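[1] sequence plus predicted model, see below.
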Amino acid sequence: MAKKKSKKFKIDARLILQLGRDSIKDHSTALIELVKNSFDADASKVEVEIWSKKGEENYIRVSDNGFGMTEKEIDNNWLKIGYSEKKHSKSSQKGRRRTGEKGIGRIASDRLGSNLKMVTKSSDDIIQGIKVNWDEFDVEGKSIEDIELEGIDTPQINIPVKDKEAQRETGTELIISNLREEWTEENIKHLYQELSYFAPLFKNEFEIEIKNDISQKYSKVVSSAIYDTSEIDLTLHYDGENTLIYEFKNKILPKKNKTETFKLEHLLQQENYAPLKCGAIDLSLSFFVRKTGLLEGTDFSLSELKDFLTENYGVKLYRDNVVVKPYGFANNQFGQDWLGLDVAKSKDPAAVSRKTYRVNANNVIGSVNFKRDDNAALIDSSSREGLVENEAFSSMKDLINASIVLLSQYRVDIYKKSDKPIIIKDSTSEYVKRVKEKLSTVVKDIKNLREDIEQRKVVEPSLFTDSITTIETVIDETEKTFEELLDEKRVLSALATLGISSSVFGHETESAISTFRHAANNAKGYLTLPEPDTAIAIEQLTEALKQAKLISSWGVFALSRIEKDKRIKRNRRIGEIIKRVLDQIKPALDSLEIEIETKLENVMAATYVMDVESIFLNLLTNAFSAVPNSNRPRKIKIELDHENRGDVKGLEFSVSDSGPGIAKEYIDKIWTPLFTTKIGEKERESGTGLGLTIVKSIVTELAGDVRVEIDKELKGAKFIVWLPRK
């Protein structure tokens with residue numbers, strides 16, 4: 001039998017159009033691809049010219065002073081579709097991380113115009129030139145090998161010169177004519193903005209100059225000098241292991257500039273921490289105030305600043321100095337606020353004078369820089385639009401948000417002027433007490449006035465009776481209103497505490513529900529067999545009943561938090577309150593094999609059960625979350641005793657744990673509402689930043705105090721609460 005003739009693939013010439021013209025969404029993107037090629041060629045400058053007026057010869061010129069190409073490199077590399085130098089060397093001769101991915105940047109010119117003239121000069125060869133008519137490829141059934149490209153006999157090249165730099169003799173110049181689309185002022189503006197995300201990263205290393213006849217406003221070297229008008233700059237260097245170095249700079253109060261070094265184990269509150277999956281990153285954040293104060297001495301107006309922020313705000317990602325879309329860009333699924341800053345702000349729109357202040361998204365411009373080689377887990381999605389949202393991406397996002405929290409707190413700190421008098425506000429109960437005393441004084445004064453009038457008989461005393469009665473009624477109603485408000489505040493604190501504890505301890509309930517359903521279904525299955533197996537069914541029903549009791553106990557736990565009796569102040573045994581809470585959450589403690597040690601003296605105090613429970617439960621929740629994060633045995637210690645201060649009889653209770661403790665950098669910040677820089681994994685949410693705020697608020701309300709230190713025995717955090725007993 002004769003051997004069959006071998007076969008070969010043939011490539012249709014139109015494939016090149018699909019790779020170039022059809023795969024690049026717009027002409028700005030195509031032009032940016034050509035600029036990236038100049039960057040990969042180690043150019044120090046690239047000129048981009050766009051001449052597009054109607055009735056005149058229009059063309060686009062992209063010229064750089066990079067290393068150029070030899071004739072051999074043109075034949076073997078440039079003319080080989082899909083060839084990318086990056087596949088052979090990830091870095092350029094100067095050590096720049098190459099940006100080309102698919103080797104199709106050269107055919108991006110087809111998206112711009114049908115005719116291409118390429119001239120190049122290498123230090124190892126004479127000037128080389130070639131012409132391409134892309135329309136010749138747009139023919140049905142024509143093979144790419146059948147299309148011949150025209151060489152240029154005596155090519156000339158115009159190599160750009162960077163300011164104060166010696167004339168270079170190498171480079172590449174592309175001239176694209178017969179443009180496919182007309183360029184508008186909006187297109188030029190968009191191109192400038194896109195290149196401005198690229199250019200500032202390299203400063204003196206790589207300069208991009210735009211020349212055009214459409215908008216003189218954007219005929220200039222691409223720059224972003226407006227960054228100099230920010231109020232606060234924050235930079236972070238994370239080494240990919242355990243060290244985070246923050247630098248804070250303030251343009252208004254430079255004396256407040258500072259550098260802080262954090263350890264990752266403190267951010268995570270874990271001793272047996274692992275480096276963040278995202279790897280080493282460098283973060284820069286600039287905060288802008290939309291006011292004229294910081295624009296003095298610049299060429300920018302307030303309207304220009306507002307326009308710039310509106311168009312450019314957001315935190316962008318740069319891999320090997322090349323922007324990774326769509327993060328921080330408008331008009332896409334993520335938008336400029338992919339970090340959710342405006343959502344956080346809307347939940348608490350506090351001003352900078354308050355501790356809960358958060359910056360607005362449209363006041364922040366930032367960039368995150370990382371390297372492909374050092375951050376292997378940050379990978380492109382299959383659609384090439386963004387990164388895969390894996391653990392590495394989540395850890396990077398959490399770290400950025402934690403840094404923005406620090407920026408917000410830094411602005412709150414510098415807002416407080418040192419010469420401003422410190423005002424200590426009364427607690428709500430103290431305020432109510434003072435108002436009631438003042439109202440009582442008013443009634444007393446009126447009664448005295450009536451007696452005085454009766455004695456002098458200046459006017460008829462009965463005229464005052466109705467007025468005094470009305471005032472006394474108003475006072476009674478006011479007192480009731482105040483008490484209702486205090487009661488409402490107490491309930492809200494209890495509900496917030498319930499939400500926090502449920503998110504931490506609720507895993508046990510979820511597990512119980514799952515086991516209950518599984519056991520119940522098994523029992524049903526064994527009972528519906530042709531010959532029912534009642535023994536196994538009873539065994540499964542017993543397990544279901546056990547889980548049902550556990551679920552029920554958690555329901556009782558939730559409902560018992562807001563019982564009306566707990567909102568009535570009377571003498572209580574504090575130790576009994578603590579024991580009941582411990583009994584209710586015992587399943588969660590047992591599941592993590594946490595040892596509980598208690599030393600509770602018989603302490604009586606006139607107080608609200610709801611307040612004591614909220615304080616204790618929040619501290620216990622903190623300890624429960626902390627103990628799994630160290631290598632020490634899992635242990636929580638609770639102590640209660642009498643503790644008088646002068647003439648004031650009081651009590652003191654403490655909650656200690658064997659966790660990693662509280663970093664000294666956080667001691668003053670942990671009480672701040674919503675303050676949390678814990679970086680949580682996807683399956684375990686990070687802290688809410690509310691638990692300790694609730695503790696501080698209630699303790700202050702009860703005229704007590706709370707502090708934190710290191711437990712000498714357990715080595716973890718020890719929270720100590722003192723409260724008066726009456």
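    Yes, it's here. Residues are numbered from 1 along each chain as shown.

[2] now do whatever helix or strand Phe719 lives in: which elements does it pack against?
    Assessed by DSSP states H and E, Phe719 sits inside strand 717-724. In terms of contacts (3 or more Cβ pairs under 8 Å, 6 or more residues apart in numbering; DSSP states H and E), strand 717-724 is packed against strand 604-607, helix 609-626, strand 650-657, helix 691-701, strand 705-710. Where C-beta positions appear, they are placed from N, C-alpha and C, glycine not excepted.

[3] could you export those as JSON lines, including distance to Ser63, mean pLDDT and mean neighbour count?
    Output for these, formatted as JSON lines (distance: least, Cβ to Cβ, whole Å; pLDDT from 0 to 100; neighbours: other Cβ atoms under 10 Å):
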{"stretch": "strand 604-607", "distance to Ser63": "80", "mean pLDDT": "88", "mean neighbour count": "16"}
{"stretch": "helix 609-626", "distance to Ser63": "60", "mean pLDDT": "82", "mean neighbour count": "24"}
{"stretch": "strand 650-657", "distance to Ser63": "66", "mean pLDDT": "92", "mean neighbour count": "23"}
{"stretch": "helix 691-701", "distance to Ser63": "60", "mean pLDDT": "79", "mean neighbour count": "21"}
{"stretch": "strand 705-710", "distance to Ser63": "63", "mean pLDDT": "89", "mean neighbour count": "15"}
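
[4] closest to Tyr415 out of those?
    helix 691-701 (19.6 Å; Cβ to Cβ).

[5] elements contacting the closest one?
    helix 462-505, helix 609-626, strand 705-710, strand 717-724.

[6] after the second one, next one along is what?
    Reading on from helix 609-626 to the C-terminus, the next helix or strand found by DSSP H and E is strand 635-642.

[7] what angle do that next one and strand 717-724 make?
    Put simply, strand 635-642 runs at 20 degrees to strand 717-724, going by axes from the mean of the first three to the mean of the last three Cα atoms, to 10 degrees.

[8] so for strand 635-642, mean pLDDT?
    Throughout strand 635-642, pLDDT has a mean value of 92.

[9] what's it in contact with?
    For strand 635-642, contacts defined as Cβ atoms under 8 Å, 6 or more residues apart in numbering pick out 574-575, 578, 582, 589, 594-601, 603, 620, 623-624, 627, 649-658, 711, 713-714.

[10] let's see it at 7 Å
    With contacts defined as Cβ atoms under 7 Å, 6 or more residues apart in numbering, strand 635-642 is touched by 574-575, 578, 594-601, 603, 623, 627, 651-658, 714.

[11] likewise stretch 149-159?
    So stretch 149-159 is contacted by 63, 65, 119, 121, 127-132, 168, 171, 173 (Cβ under 7 Å, 6+ apart).

[12] helix, strand or coil: sort out Ile245 for me.
    The three-state assignment at Ile245 reads strand, by DSSP: H, G, I helix; E, B strand; the rest coil.

[13] how about the nearest residue to it, chain neighbours excluded?
    Spatial nearest neighbour of Ile245, excluding adjacent residues (Cβ to Cβ, 6 or more residues apart in numbering): His237 at 4.7 Å.

[14] the one you found contacts Leu283, doesn't it?
    No - His237 lies out of contact with Leu283 (Cβ atoms under 7 Å); the separation is 8.0 Å.

[15] of those two, who's got more company?
    Leu283 (22 against 15; other Cβ atoms under 10 Å).

[16] perfect, I'm done here.
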